[in-house]
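Q: Got a predicted structure here, sequence first:
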Amino acid sequence: MSILEARNLGVKFGSFSAVDDVSVAFEKGCLTSVIGPNGAGKTTFFNLLTGFHPPSSGSVFFKDEDITQLPIHAKVQMGLTRTFQVLNVFDQLTVMENLRIAVQRLRGNPWRMLSREEGFTAVEEEVERLLEAVHLKDFRSTPADEMSHGHRRQLEIGLSLGVNPEVLLLDEPMSGLGMYETGRMSDFIEELAETLTVVLVEHHMSVVMKISQRVLVLQNGRLIADGAPAEIQQNSAVREAYLGKSFDGADKRKVSENA
Ligand SMILES: Nc1ncnc2c1ncn2[C@@H]1O[C@H](COP(=O)(O)OP(=O)(O)OP(=O)(O)O)[C@@H](O)[C@H]1O
């Protein structure tokens, strides 16, 4: 069953098509990765799906409802959320404080809610659930800026989980991580995909090929391939898009850059 769908989705910046007539239905429960060379349109595609940029053409459906014109917060409330390439956490606040803000934001007026004991307890229970979900219980009192980049990324995902999403779009969650933390993030994303529909933009090809059930390939804003990882690795158009470099070669370069 499709949970999120792009129908003929496109956006132009002047005469330049950053995303060009992309149609794809994301299956519920499937971990799908979106890959493509730099500038292929991956982040712009996420922006169109989540409403951070209005499309020039086409539509977005969530559970068969046309959500193209809905404001971002309405899409989030429906269960569609995302993370960004640039880390978005409150650096000076502890892990718990960051998560508490995310939970309170979801549950309406934080001050009115906290004035009631049962509201306060519900928030704290939810914060505990999130701490557990993102494996940061040991860091509950640590300010975000004192943690490793990988742990900060986990926290950021925790902030997104605070809105109880059904679909989570992750934009380069392994960017800037060393090899060890990349492996840990890969395991974490697989774990998230056991209960959520995850759509991942990522440059680490070995991770993409290992954890994805489906891979979409964008080039110059167009969807040029869609299939299982093994099919994508054999696809000549995809190999051409990556300038003849093997996926492994591209990946090793990226990992060593980040190590
Ligand atoms: N607001 C904008 N105005 C003009 N051009 C834009 C805008 N946003 C993106 N672009 C252009 O659209 C193209 C696609 O950009 P996008 O960031 O989506 O690519 P990407 O595949 O995510 O790249 P990367 O892998 O490097 O993050 C690029 O050429 C970019 O310069």
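A: Received it, and whenever you're ready, just let me know what you need. In this text, all values refer to a predicted model and were calculated from it rather than measured experimentally.
Q: the helices in the protein, which residues?
A: 42-50, 72-78, 95-106, 110-114, 117-133, 149-161, 179-192, 205-211, 229-234, 236-241, 247-258 (DSSP state H).
Q: what's the closest of those to the ligand?
A: Proximity to the ligand (CB to the nearest ligand atom) singles out helix 42-50 among those, at 3.3 Å. Glycine gets a C-beta too; all of them are placed from N, C-alpha and C.
Q: tell me what that closest one is packed against?
A: On a contact count with 3 or more CB pairs under 8 Å, 6 or more residues apart in numbering; DSSP states H and E, helix 42-50 meets strand 2-13, strand 16-27, strand 32-35, strand 80-82, strand 167-171, strand 197-201.
Q: With just CA atoms, put it into PDB.
A: Taking Å, rounded to 0.1, in the frame of the first residue of the first chain, the C-alpha atoms of helix 42-50 are listed here in PDB:
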ATOM      1  CA  LYS A  42      17.400  15.100  -4.000                       C
ATOM      2  CA  THR A  43      17.000  17.700  -1.300                       C
ATOM      3  CA  THR A  44      14.700  19.800  -3.500                       C
ATOM      4  CA  PHE A  45      12.600  16.600  -4.000                       C
ATOM      5  CA  PHE A  46      12.400  16.300  -0.200                       C
ATOM      6  CA  ASN A  47      11.400  20.000   0.000                       C
ATOM      7  CA  LEU A  48       8.600  19.400  -2.400                       C
ATOM      8  CA  LEU A  49       7.300  16.300  -0.600                       C
ATOM      9  CA  THR A  50       7.300  18.000   2.800                       C
END
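Q: about what we covered before: with distance to residue 97 as extra columns, can I get the helices and strands packed on helix 42-50 in TSV?
A: Below are the helices and strands packed on helix 42-50 laid out as TSV (distance: least, CB to CB, whole Å):
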stretch	distance to residue 97
strand 2-13	31
strand 16-27	33
strand 32-35	32
strand 80-82	20
strand 167-171	22
strand 197-201	26
